[in-house]
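In: the following block contains a protein sequence and its predicted model.
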Amino acid sequence: MSPSVVITGSGLFTPPHSISNDELVASLTVAVNRWNDEHAAEIADGTLQARAVPDAEFIEKASGIKSRYVMEKSGILDPDRLRPHLPTRGEDELSLMAEMSLPAIEEALAQAGRRADEVDCIIVGASNIQRAYPAVAVEVQQAIGAGGWAYDMNVACSSATFSMQAGVDALRNGSANCVVVLNPEITSAHNNFALRDHHFIFGDACTAVVLERADDAVAPEQWEVLRTRLETKFSNSIRNDFGFLNPCEDAERDPFELVFRQRGQQVFKEVVPMVTRHIEEQLGAVQIAAADVRRFWLHQANLKMNQLIAKQVLGRLPDQMEAPVILDRYANTSSAGSVIAFHLHRDDLVAGDLGVLCSFGAGYSIGSLVLRKR
Ligand code: COA
């Protein structure tokens, strides 16, 4: 039988700046009004369509998002810029993704009762990795003085659950003894803050999780991984075309045409049934009834989406404790979202309690872990 694996710690880095919906709407409204003024003649003769201004009430009603944290605020709120100021760093400086990983890893290792030099595998899973190589994970490995090996992987919003399964597999087959999964998400840099359909969706954050074999674990709090399950199905409904081939394209595209875009309604309609079935099959495989699951730590993209998934799985609407919401404060932090929910909303659970951590997003990609508190 393969050895039992446990989560022994988690950590969260929350960026220093918060932006409310009102602040975001105010800056985009200035930019939209300016654009409309500058193009008044074309709008009047029908060659261009006037741009519509955003609305803070719509944002909260459509998504449940009230604010988001970002690594840099002034550039996003500058109507002439609408993107963060993130200056280039020298090779001798810590990269931004490594920098935001360090507080998260420190907190997670403290919970696990582990020193950094005991870590022998680091996986950075994120929707966007700030360079092709050297891997950010290898940079973090050096920064904290860990041994073993490290690598980056990208499965969009499911990067955390996919990395966790990779960590679980490495522990079960003996190639690692102490795995740290990191999810540094700088979604503010892949978001187009000039588009009213998208400007409110994302926020930045970094999460960390420590995984070990149960026989080795020393943490006072441990979560046994009863089962992991990953699933993918190709879809163009969420795309990010930014990549190393862009400079070779004959027709140059605006960088903001290349980054995140989605057909939100379609995603909603297609992903909800997929995730519902995924969770039902996952629970069925371990013979656990949905009613016996104390907590669903779901991916945090849209409040209605999460309520609908939980309602279909449970047969009734979940209460706030059963499917906790963090997207009101953090917005969509991509792969970090479900881990933030796990990190912030598990203290009240007791030994034997069951939970499901589940992510879903571009790809499409869905990943989940069934967890039991020891
Ligand atoms: N302010 C005011 N109006 C806005 C707006 C804003 N910021 N953004 C969009 N609108 C408008 C649209 O232009 C549209 O106007 P129209 O009817 O005149 O065309 C209207 O509001 C409805 O837009 P729609 O896109 O249909 O809204 P929605 O209810 O689907 O909500 C999302 C949009 C993105 C919040 C929602 O579709 C969603 O969250 N989907 C799931 C996405 C997801 O999970 N993605 C995973 C990403 S990792």
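Out: The structure has been received and is ready for your questions.
In: which bits of the stretch 51-200 of the chain sit near the ligand?
Out: Residues of the stretch 51-200 of the chain lying close to the ligand (CB under 6 Å from any ligand atom) are 54-55, 58-59, 62-63, 157, 196-197, 200. In this view, the C-beta of every residue, glycine as well, is placed from N, C-alpha and C.
In: hmm, try it at 5 Å
Out: Counting by CB under 5 Å from any ligand atom, the residues of the stretch 51-200 of the chain lying close to the ligand are 54-55, 58, 62-63, 157, 196-197.
In: which one of those has the most neighbours?
Out: residue 157 (31 neighbours; other CB atoms under 10 Å).
In: what distance do you get for it to residue 128?
Out: Distance, residue 157 to residue 128, using CB to CB, to the nearest Å: 11 Å.
In: what's next to stretch 51-70, contact-wise?
Out: 14-22, 24-25, 28-29, 32-33, 35-36, 76, 84, 188, 196, 199-205, 301-304, 325, 327-332 (CB atoms under 8 Å, 6 or more residues apart in numbering).
In: now it: average pLDDT?
Out: What stretch 51-70 shows for mean pLDDT is 97.
In: span of it from start to end?
Out: In stretch 51-70, first residue to last residue: 26 Å (CA to CA, to the nearest Å).
In: centre of the chain versus it, how much separation?
Out: Its chain's C-alpha centre lies 19 Å from the corresponding centre of stretch 51-70 when counted by CA atoms, centre = their mean, to the nearest Å.
In: for the stretch 151-300 of the chain, what spans make up the helices?
Out: 159-172, 255-258, 264-285 (DSSP state H, counting those that start in this stretch).
In: isn't residue 346 right up against residue 354?
Out: No - here residue 346 does not reach residue 354: they are 11.6 Å apart, not a contact under CB atoms under 8 Å.
In: shared neighbours of the two, anything?
Out: Joint contacts of residue 346 and residue 354 (CB under 8 Å, 6+ apart) are 295, 373.
In: now the helix or strand hosting residue 61 against helix 264-285, angle please.
Out: For residue 61, the element it lies in under DSSP states H and E is helix 56-63. In terms of direction (axes from the mean of the first three to the mean of the last three CA atoms, to 10 degrees), helix 56-63 departs from helix 264-285 by 30 degrees.
In: neighbouring strands for the following helix or strand past helix 56-63, and are they parallel or not?
Out: For helix 56-63, the following helix or strand on the C-terminal side (DSSP H and E) is strand 67-70. Sheet pairing here is set by DSSP bridges, and for strand 67-70 it gives strand 17-20 (antiparallel).
In: which of the residues in the strand it pairs with are buried?
Out: Buried residues in strand 17-20, counted by 16 or more other CB atoms under 10 Å: 17-19.
In: roughly how far out does it sit from the chain middle?
Out: 18 Å.
In: pLDDT of it, averaged?
Out: 98.
In: contact partners of it?
Out: Residues outside strand 17-20 that contact it (CB under 8 Å, 6+ apart): 66-73, 76-77, 329.
In: one more pass at 6 Å, please.
Out: Residues outside strand 17-20 that contact it (CB atoms under 6 Å, 6 or more residues apart in numbering): 67-70, 73.
In: how about that strand as PDB, C-alpha atoms only?
Out: Provided in PDB are the C-alpha atoms of strand 17-20 (Å, rounded to 0.1, in the frame of the first residue of the first chain):
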ATOM      1  CA  HIS A  17      -2.200  47.300  -1.300                       C
ATOM      2  CA  SER A  18      -5.900  46.900  -1.500                       C
ATOM      3  CA  ILE A  19      -8.100  48.400  -4.300                       C
ATOM      4  CA  SER A  20     -11.900  48.800  -3.800                       C
END
